[in-house]
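**Q** sequence and predicted structure are below.
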Amino acid sequence: MGAREWRVYNPSGKKRVIVTKELPGERWLRVLAGAGCRIEICTSSDFLSVPDIKAAIGTRCDGAIGQLTEDWGEELFSALKRAGGRAYSNYAVGYNNVNVNAATKHGIPVGNTPGVLTEATAEMAVALTFAAARRVGESERYLRAGEFKGWLPSLFLGELLWRKTLGIVGAGRIGTAYARMMVEGHKMNLIYYDLLQKKPLEDFVSDYSAFLTSKGEPPILCKRAQTIEDLLREADCVSLHTALDNSTRHLINLERLQLMKENAILINTSRGPIIDEEALVAHCRKHSSFRVGLDVFEDEPALKPGLADLQNAVIVPHIASSTRWTRQGMGTLAATNVAAMLMGYPVWKGPSTLVFLEDNPPKAAPSIVNAKELGIPTIET
């Protein structure tokens, strides 16, 4: 990386922090500057390799903010430790690109940015759901190609989701937010698969159902599936919101795709490798009424052969969290993680990280995933 591809903010800062991509907004810069940091930011849109980042770390570096597209493993964490590094934060809620064990071995806290992405990601899942159900991508391409000759009774028939059955795989913050949007907005019955019972979600659906019946409308139902196979057989639309690990890689494979309804809809805003993309291409080719909406991909940024050619797939380039408020908030959380660790602050264990986007935020790190392993103190208020 050439010197022209990096810019410096607060050059008089005594602590050196590298940031591998320009981040939206200005508050994150003020957070780090307020902690006495000199911030060096890569302005290139190219993805940085491990040697690129290692060179940027150099011989003195106190902290770093990195991206999901980078391999933060043993080589980078050992380099960061040798340079005096004491903090790293991923600019993301997920951190499957990070070898947390390697970071812990070198005594480096690893931050992430939960909470701030919830509603934005859930909204994108809703957008993909209806784009797939109503064949928005196909019909737009048809119109732009000049093929539209006038209204026809059978032109681009899609699926009505009103009072159908929604399946959620992984009912955490984002899965729950998406489920509520679909249940409240479209009166869908809900079936979810999660390792833990989600009583708050069940109670919400029960209370909402009681409200509907009090207004003379039919009730809606919520239940927890015993197996993912049960969910796939029953749901009209399935949305994936589970974390990526060895147990969820290719969770949706050819055998499980074949369990789904012929005209089902599959949505993924979680992590690409949760779906076996080759199997998905084969299934979509064979079942033209099956619809899929994807924000993430198995070999991102590459697509498996044939995926881009599918008419029954809506694909967008990993933009689920791409709202101004969300991306600026992610920057604030990532910067606060690094600044807090460099200043010796504890880790926040309160109910929400959104307090860090308000005036007078806590003197704490919003989220450090290996805090327990490193013995870092926590606070809740």
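**A** Right, received. Where do you want to start? Keep in mind that this is a model prediction, so the values were computed, not measured. Numbers count the residues shown, from 1 in each chain.

**Q** what's the span of stretch 125-143, first residue to last?
**A** Across its full length, stretch 125-143 reaches 24 Å between end residues, using Cα to Cα, to the nearest Å.

**Q** buried ones in the helix or strand hosting F211?
**A** Element membership of F211, judged by DSSP states H and E, is helix 199-214. Of the residues in helix 199-214, those buried by neighbour count under the rule 16 or more other Cβ atoms under 10 Å are L201, E202, F204, V205, Y208, S209. In short, each C-beta sits where N, CA and C put it, glycine included.

**Q** possible to save those residues as CSV with distance to T353 and pLDDT?
**A** As requested, the buried residues of helix 199-214 are exported to CSV (distance: Cβ to Cβ, whole Å; pLDDT from 0 to 100):
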residue, distance to T353, pLDDT
L201, 20, 98
E202, 25, 98
F204, 22, 97
V205, 26, 98
Y208, 27, 98
S209, 31, 98
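
**Q** tell me the SS of the residue nearest to N370 when sequence neighbours are not counted?
**A** In this structure, N370 finds its nearest non-sequential neighbour in T104, 4.8 Å apart by Cβ to Cβ, 6 or more residues apart in numbering. Secondary structure, DSSP: H, G, I helix; E, B strand; the rest coil: T104 is helix.

**Q** how many neighbours does T104 have?
**A** Around T104 there are 17 other residues, counting by other Cβ atoms under 10 Å.

**Q** again with Y9
**A** 18.

**Q** from what I can see it touches A33, true?
**A** Yes - contact status for Y9 versus A33: in contact at 6.7 Å, counting by Cβ atoms under 8 Å.

**Q** what sits against L280?
**A** When contacts are counted by Cβ atoms under 8 Å, 6 or more residues apart in numbering, L280 touches I252, L257, L266, V292, K304, L307.

**Q** what residue is smack in the middle of this protein?
**A** Among the residues of the chain, the one closest to the centroid is S270, at 5.3 Å (Cα atoms, centre = their mean).

**Q** picking up where we left off before, the residue nearest to N370 against K372, yeah?
**A** No - the pair formed by T104 and K372 falls short of the contact definition of Cβ under 8 Å, at 9.8 Å.

**Q** sorry, back to before: who does the helix holding F211 touch, helix- and strand-wise?
**A** With contacts taken as 3 or more Cβ pairs under 8 Å, 6 or more residues apart in numbering; DSSP states H and E, helix 199-214 sits against helix 173-186, strand 189-193, strand 222-224.

**Q** if we use 6 Å, what do you get?
**A** Using 3 or more Cβ pairs under 6 Å, 6 or more residues apart in numbering; DSSP states H and E as the contact criterion, no secondary-structure element is in contact with helix 199-214.

**Q** any idea of the angle that helix forms with strand 189-193?
**A** 170 degrees (axes from the mean of the first three to the mean of the last three Cα atoms, to 10 degrees).

**Q** can you show me the CA trace of helix 199-214 as CSV?
**A** What follows is helix 199-214, C-alpha atoms only, in CSV (Å, rounded to 0.1, in the frame of the first residue of the first chain):
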residue,chain,number,x,y,z
LYS,A,199,-40.3,-17.1,25.3
PRO,A,200,-40.3,-13.3,24.8
LEU,A,201,-41.0,-13.9,21.0
GLU,A,202,-43.7,-16.5,21.8
ASP,A,203,-45.3,-14.2,24.3
PHE,A,204,-45.3,-11.3,21.8
VAL,A,205,-47.1,-13.4,19.2
SER,A,206,-49.5,-14.7,21.8
ASP,A,207,-50.3,-11.2,22.9
TYR,A,208,-50.7,-9.9,19.4
SER,A,209,-52.9,-12.8,18.5
ALA,A,210,-55.1,-12.0,21.5
PHE,A,211,-55.3,-8.4,20.2
LEU,A,212,-56.4,-9.6,16.8
THR,A,213,-59.1,-11.8,18.1
SER,A,214,-60.4,-9.0,20.3
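
**Q** buried residues in the lengthiest helix in the chain, which are they?
**A** With residue count as the measure and DSSP state H as the assignment, the chain has helix 324-342 as its longest helix. Judged by neighbour count using 16+ other Cβ under 10 Å, the buried positions of helix 324-342 are 326-342.

**Q** show me what whatever helix or strand comes next after it is packed against.
**A** On the C-terminal side of helix 324-342, the closest following helix or strand by DSSP H and E is strand 347-348. The contact analysis (3+ Cβ pairs under 6 Å, 6+ apart) places strand 347-348 against no helix or strand.

**Q** circling back: distance to R60 added to the buried residues of helix 199-214, as CSV?
**A** Output for the buried residues of helix 199-214, formatted as CSV (distance: Cβ to Cβ, whole Å):
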residue, distance to R60
L201, 48
E202, 53
F204, 51
V205, 54
Y208, 56
S209, 60
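
**Q** for A282, state which of those is nearest.
**A** Proximity of the buried residues of helix 199-214 to A282 (Cβ to Cβ) peaks at L201, which lies at 33.5 Å.

**Q** how many neighbours does the closest residue in space to that closest one that isn't next to it in sequence have?
**A** With sequence-adjacent residues excluded and distances taken as Cβ to Cβ, 6+ apart, L201 is closest to T176, at 5.2 Å. One way to gauge burial is a neighbour count; for T176, by other Cβ under 10 Å, it gives 21.

**Q** tell me the pLDDT of T176.
**A** Here the pLDDT value assigned to T176 is 97.
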